[in-house]
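Student: Predicted model, plus sequence, below.
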Amino acid sequence: MTGQGAATREVLRLEGITRAFGPVRANDGIDFALAEGEIVALLGENGAGKTTLMNILFGHYAADAGRVTVFGRPLPPGRPGAALAAGVGMVHQHFTLADHLTVAENIVLGTVSLWRPGLGLAAAAARIATLARDFGLAVDPAARVGGLSVGERQRVEILKALYRDARILILDEPTAVLTPQESEALFATLRRMVARGLSIIFISHKLKEVLAVADRVVVLRQGRVAGAMATAGTDRARLAELMVGAALPEARIAPAAAPGPAILRLAAVSTAPAGAGPGLAGVDLVLRAGTITAIAGVSGNGQAALAALVAGLARPRAGRLVLDGAEPASWGPRQALAAGIGRIPEDRHREGAVADFDLVENAILERYPALTRAGLLSWRAARRWAGRIIAAYDVRTPSAALPARLLSGGNLQKLILGRVLEAGPRIILACQPSRGLDVGATAFVHGRLVAARDGGAAVLLVSEDLDEILGLADAVHVMSRGRLSPAFRRGQASAADLGLWMSGEAFAEEPHAA
Amino acid sequence: MAEILDILASATFWAAVIRIATPLVLATLGELVCERAGVLNLGIEGIMVAGAFAGWFAVWSGAGLWGGVATAFATGMAFGLLHALLVVPLGLSQHVVGLGVTLLATAAASYTYRLALPQVTSPPRIAPFEPLALPGLADLPLIGPVLMVQTPLTWAAFATAAAVALVLARTPLGLALRAAGENPAAVEAQGLSVTGLRIGAVMAGSGLMAVGGAFLTLSAFNAFFFEMVNGRGWIAIALVVFGAWAPGRAVLGALLFAAFDALQIRLQQTALGAALPYQIFLMAPFLLSILALVVMSRRAAVPAALMVPYRRGER
Amino acid sequence: MRLEPIARPSAARLFGLPLAALAATLAIGAALVLAAGGAPLAVFGLILEGAAGSRFALLETLNRATPLIFTGLAVAVAFRARLWNIGAEGQLYLGALATAVLGTGALAGWPAAGLLAALARAAAAVGAAALLGPALLKTRLGVDEVVTTLLLNFVILLLVSMLLEGVLKDPRAMGWPQSARLLPEARLPRIVAGLRLHWGFLLALAAALAVWFVEARTAFGYEMRAVGLNARAAAYAGIPVGRVIARTAVLSGGLAALAGFSEVAGLRGNLTLALSPGFGYTGIIVAMLALLHPLGVVLAAVFVAGIFVGADAMSRAAGVPSYIADLLLATALLAMVPALMFTRYRLAWG
């Protein structure tokens, strides 16, 4: 690989970066250096301090201590424009694009003086086309961003940095939204960039791709550098240990004993589009008691529509939803709950909780009708219910009267998990149940889901994390553009096989309803 | 019916339409600039009152007419700054703060008026803008008689509309404002300050609203009355929606609205007007605005980040 | 510059900041008085005296507070569910209109208690309907209710004006646009004979208690708060968001209309266009100063009424324009809103 020679010069140096938020030291004396023409992976769990470090480099926060040097010049702290001007570009995990604007407008934004009379879009479009050709980032400059696929948007983000002549590119979890095949294409683009002398920081928590793409890896744990080494001399086990702080416990989850009877069945169901993704297009699915059925796929391929349907937020436009052998007469969240469907929403902050409600009020969000007599809510029963969940699901809080917005993500997820499981559901819809959680909370959530399965519940696990799916699921389907693959039983399909389905290539025909 | 056709065929009617539209054009543009940058400005009604008063007061105190316009603009900017400081960096409720600004600006105008003129019963008059007699204008067929009676402030209002449209669509500043209203994170990621852009937009927009108010005292009438803005600010907010946040369509909406307003005033003088209570005619503009909102609601292209406070580093 | 949430705000912060907002309001008020050539302390003293310096003044303040309690409650419940009802002024006039139409003879012969209950119910129903329209436009079509309720205020006022100059006009009023006087049994009696305070005040207090009970103890109150704080999570949990907003609209519009009922049946005895000097709009200030708490609304309404009554008296005595009351209240609102936010957040630099 490139970047190994002694002659390469250093382009970026972070020294002793320290930043505290209240009592939490998000960054604690971090040192980091990047040489010209190399790809360095920044590896760490959620909460290890990767994002904070990049926010400091970008001037979104000022560090409490430490300094940033780019191309030998110190960067003034707390000035978002300074890093950009110094030639550092960043591709955020959540894209920072305006949907109503065109590709060219998004790219040109902020690159010329605000007081210039014209935008010069024609010249910009020509330059964008050249850059796109050079780096293999095909995209139409005149297209509106709102109409682009996730992969195309990522290309726009990379072009934004290249258009500004960035010499250092930071990518924050870039593969989270890509199929394995798309990720390979991205890696090829990155290699072209370093071949031209650019330098890349690749932020990830996925060991495999770090080893595949990076020259060196820096591991962060709890705000500190836990280790730094060339990828050539290390392996997954060693990196995992550095990242988690102990050898990764072998997650051995026993498969389901024997699939039970079908509880919920979808027959050729199509729905309206949901969220940013398409609707379902003729989906067949069976959920059986005592089974974890997982839906794999790149985000935005209809998982939101499937989750909305099962959660009761959407109805089939065509096809049948059959519960216990009969089609429900009406379908909504209340009917879904009454049918014994427990729902763990994808976005726990926006859909799963009311931030300014306390834990008691949040615990009864779905249950309060059962605690109401003649219109009056029994707060005593509500507090009892919440107390039970807090105790049984290890929700760490000083008080049940704490507003939910002050809970950590893991504790909030445990509260939601408890709210769902304590109701004794027969079907559990778990959407991205471990997203953003640390290892401990993830293991807790997984353990409870498996226990619920062993107790006879049918679990529908929707996840973008293939490792999570391969570890937990008894049966896996892949979603692509609203279509659902056949089921693969545990061990039947590898990540690469699933990848082919995720990219849509393995599907026989185009979807009929787009 | 024949009466309506007669009215529509007269030059004085269309001259009135343009005159009635002028304050709405300015106010609607002002609100539009705020909203395209992502900030709802319910201070508009009060800012128009303050602008109407400040413009008149400056002229009455001896400033020139354009000095009055400048005073109104500066007054609007000051109230805009207040609104912006509370809702942009602090992220407070744009509804509550906007209504508070309306109350404050209205009360400030009333209080200052009473301080300056403690005992006056009939409001003192000033010499307002005269029609702008551009050479050759009166000779134009059809539109000549309509345009030759318009004052410079009206010409300025329509020129401002063109300028706002041009800036929004074709300049880096306009692009940055639009992006701030669509996705502030995109603006910040490109090294621009969302806070600065939004504060600037609200100040400039509020200045325009205030000049819209000042048109009433400096051009349409020649004195300041407490109730003279009379809901025009709220109508401007409806017109922004009606115009789908596009300057051209918003101006068209203001003209359409003004045409109805001018028509109802004239219809009151006809046999129909004698048969119906005048309040029915006065209600029409407000009902029309509500109707416009309902009709446009399905197609509205709301700026995605309108009323969403932006906090750096949060997503 | 960023805002950082504070996990457990100190008592100094919780109470000090609102007090600081109040102090800032007074400081600005003092500057305004100085600008008018008055002596701030003397003027503030006169306002206080005019508001509560005598039994007459106090009763006048409570009288003025009565409609503000109703409109304040109307705004508070609506804002709680994030339904931006700026139409309390119009709803108030509709309630007054219903009272005047039915109370001047249409229901003659009814006993007083039954008649008053019927008037109150009719008023509340009309006010509720007036807000239900914009609420349904909001939930069904996404039409912003701020603008529709605001514009309806103008429509309703013109409607009342039209009726007062038309069918409702009192022939004995010598050309003034006002309704006939209410039947004696349609009047809310005085609480104590000889004092001007009427039963509308007690009704307002009862309404505040009732709203507090609904918000704190009923499932509907819980739903209302959930919808207001996070409609998406509420919908996900199965709370019927549209229905909750519609019910909130009925409650809010009804409360605002009761202000009109209470003013016509209690204080005035007839309907004129001078019935409300903006009680509906002032209700917004009352609700915000009360932090939307129903019992706080009572205190805030008395406070706001006191400033208005006191400023009127002061203006007659000291010559500072009575508009200073509006300025003080607008300032108090704009100072209190950020102060309350800073009890929960702190500014962090960098």
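Tutor: On my side now, so go ahead. Residues are numbered from 1 along each chain as shown, chains lettered A, B, ... in the order given.
Student: contacts and neighbour counts: CA atoms only from here.
Tutor: Fine.
Student: Need phi/psi at B:Ala201.
Tutor: Dihedral pair for B:Ala201: phi -60, psi -40, per degrees, to the nearest 10.
Student: For chain A, which residues are neighbours of chain C?
Tutor: A:60-63, A:78, A:311, A:313, A:332-334, A:350-357, A:365-366, A:368-369, A:372, A:375-379, A:406 (CA under 8 Å from any CA of the partner chain).
Student: Buried subset of these, written for ChimeraX?
Tutor: Burial among these is assessed by 16 or more other CA atoms under 10 Å in any protein chain shown; the matching ChimeraX selection reads:
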select /A:60,61,62,63,78,311,313,332,333,334,350,351,352,353,354,355,356,357,365,366,368,372,376,377,378,379,406
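Student: now, which of the residues of chain A next to chain C lie within strands?
Tutor: Those of the residues of chain A next to chain C mapping onto strands are A:372, A:376-377, per DSSP state E.
Student: Which member of these is positioned nearest A:Gly499?
Tutor: Lowest distance from A:Gly499 to these (CA to CA) belongs to A:Thr372, with 48.5 Å.
Student: beta partners of the closest one?
Tutor: A:Leu377 (DSSP bridges).
Student: Settle this for me: it is touching A:Ser378, isn't it.
Tutor: Yes. Assessed by CA atoms under 8 Å, A:Thr372 is found in contact with A:Ser378 at 6.2 Å.
Student: mind checking which helix or strand the nearest residue to A:Ala138 once chain neighbours are set aside is in?
Tutor: Excluding the flanking residues, the one nearest A:Ala138 by CA to CA, 6 or more residues apart in numbering or on different chains is A:Ala132, at 5.4 Å. Here A:Ala132, judged by DSSP states H and E, is contained in helix A:121-135.
Student: residues making contact with that helix?
Tutor: With CA atoms under 8 Å, 6 or more residues apart in numbering or on different chains as the test, helix A:121-135 has contacts from A:104-105, A:108, A:137-142, A:159, A:162-163, A:189, A:192-193.
Student: Counting neighbours, which of these comes out on top?
Tutor: A:Leu159 (27 neighbours; other CA atoms under 10 Å in any protein chain shown).
Student: coming back round to it: of the contacts of helix A:121-135, which belong to helices?
Tutor: Counting by DSSP state H, the contacts of helix A:121-135 place A:104-105, A:108, A:159, A:162-163, A:189, A:192-193 in helices.
Student: Tabulate those (TSV), appending pLDDT.
Tutor: Formatted as TSV, those follow (pLDDT from 0 to 100):
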residue	pLDDT
A:Ala104	95
A:Glu105	95
A:Val108	94
A:Leu159	95
A:Leu162	94
A:Tyr163	94
A:Thr189	92
A:Arg192	92
A:Met193	93
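Student: which regions of the stretch 1-150 of chain A sit below the pLDDT cut-off?
Tutor: Scanning the stretch 1-150 of chain A for pLDDT under 70 picks out the ranges A:1-7, A:22-23.
Student: In chain C, where is pLDDT below threshold?
Tutor: For chain C, the ranges with pLDDT under 70 are C:349-350.
Student: for chain A, what are the nearby residues on it?
Tutor: Residues of chain C lying near chain A (CA under 8 Å from any CA): C:7, C:217-220, C:226, C:229-230, C:232-238, C:350.
Student: what about B:Gly38, which helix or strand?
Tutor: With DSSP H and E as the criterion, the answer for B:Gly38 is that it lies in no helix or strand.
Student: Next, count neighbours for it.
Tutor: 32.
Student: Now that C:Leu3 has come up, it's in contact with C:Tyr345, right?
Tutor: Yes. When contacts are counted by CA under 8 Å, C:Leu3 is listed as touching C:Tyr345 (5.9 Å).
Student: State the distance from the nearest residue to A:Ile344 once chain neighbours are set aside to A:Pro345.
Tutor: Spatial nearest neighbour of A:Ile344, excluding adjacent residues (CA to CA, 6+ apart): A:Ala430 at 4.8 Å. Using CA to CA, to the nearest Å, A:Ala430 is found at 7 Å from A:Pro345.
Student: With neighbour numbers in mind, choose between the two.
Tutor: Of the pair A:Ala430 and A:Pro345, A:Pro345 is the one with more neighbours under other CA under 10 Å, namely 27 against 22.
Student: contacting residues for that one?
Tutor: A:351-352, A:429-433.
Student: what sits against A:Ala336?
Tutor: Shown in contact with A:Ala336 (CA under 8 Å, 6+ apart): A:310-312.
Student: so can I have TSV of the residues you listed showing pLDDT?
Tutor: Putting the contacts of A:Ala336 into TSV (pLDDT from 0 to 100) gives the following:
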residue	pLDDT
A:Val310	97
A:Ala311	96
A:Gly312	96
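Student: Which ones among these map onto helices?
Tutor: Counting by DSSP H, the contacts of A:Ala336 contribute A:310-311 to helices.
Student: Format the contacts of A:Ala336 as JSON lines; extra columns: distance to C:Glu60.
Tutor: Listed next are the contacts of A:Ala336 as JSON lines, based on distance: CA to CA, whole Å:
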{"residue": "A:Val310", "distance to C:Glu60": "60"}
{"residue": "A:Ala311", "distance to C:Glu60": "56"}
{"residue": "A:Gly312", "distance to C:Glu60": "55"}
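Student: Give me the secondary structure label for B:Thr195.
Tutor: Three-state call for B:Thr195 (DSSP: H, G, I helix; E, B strand; the rest coil): helix.
Student: That should have said B:Phe225, apologies.
Tutor: Taking three-state DSSP, the label given to B:Phe225 is coil.
Student: who's in contact with it?
Tutor: By CA under 8 Å, 6+ apart, B:Phe225 lies in contact with B:Pro123.
Student: Report pLDDT for it.
Tutor: Note on B:Phe225: pLDDT of 92.
Student: Look up how far chain A lies from it.
Tutor: Here the criterion is CA to the nearest CA, to the nearest Å. By it, B:Phe225 lies 39 Å from chain A.
Student: For that residue, grab phi and psi.
Tutor: Note on B:Phe225: its backbone torsions stand at phi -120, psi 150 [degrees, to the nearest 10].
Student: Same check on A:Ala458?
Tutor: According to degrees, to the nearest 10, A:Ala458 has phi -90, psi 120.
Student: How confident is the prediction for it, by pLDDT?
Tutor: So A:Ala458 comes in at 96 (pLDDT).
Student: Closest one of the contacts of helix A:121-135 to B:Thr217?
Tutor: A:Glu105 (41.4 Å).
Student: ok, so of the contacts of helix A:121-135, who is nearest chain B?
Tutor: A:Glu105 (7.4 Å; CA to the nearest CA).
Student: That closest one reaches B:Gly174, doesn't it?
Tutor: No. Under the criterion of CA under 8 Å, A:Glu105 makes no contact with B:Gly174, lying 10.9 Å away.
Student: Can you identify the element that follows the biggest helix by length in chain B toward the C-terminus?
Tutor: Longest helix in chain B, counting residues (DSSP H): helix B:11-36. If you walk from helix B:11-36 toward the C-terminus, the next helix or strand you reach (DSSP H and E) is helix B:44-60.
Student: For that next one, buried residues please.
Tutor: Of the residues in helix B:44-60, B:44-60 count as buried by neighbour count, 16+ other CA under 10 Å.
Student: now swap in stretch C:213-223 and tell me
Tutor: Within stretch C:213-223, the residues scored as buried using 16+ other CA under 10 Å are C:214-223.
Student: What of stretch A:220-235?
Tutor: Within stretch A:220-235, the residues that count as buried by 16+ other CA under 10 Å are A:220-226, A:228, A:231.
Student: any idea of the pLDDT on the most far-flung residue of chain A relative to its centre?
Tutor: Using CA atoms, centre = their mean, the residue of chain A lying farthest from its centre is A:Ala374. It sits 43.3 Å away. Looking at A:Ala374, its pLDDT reads 95.
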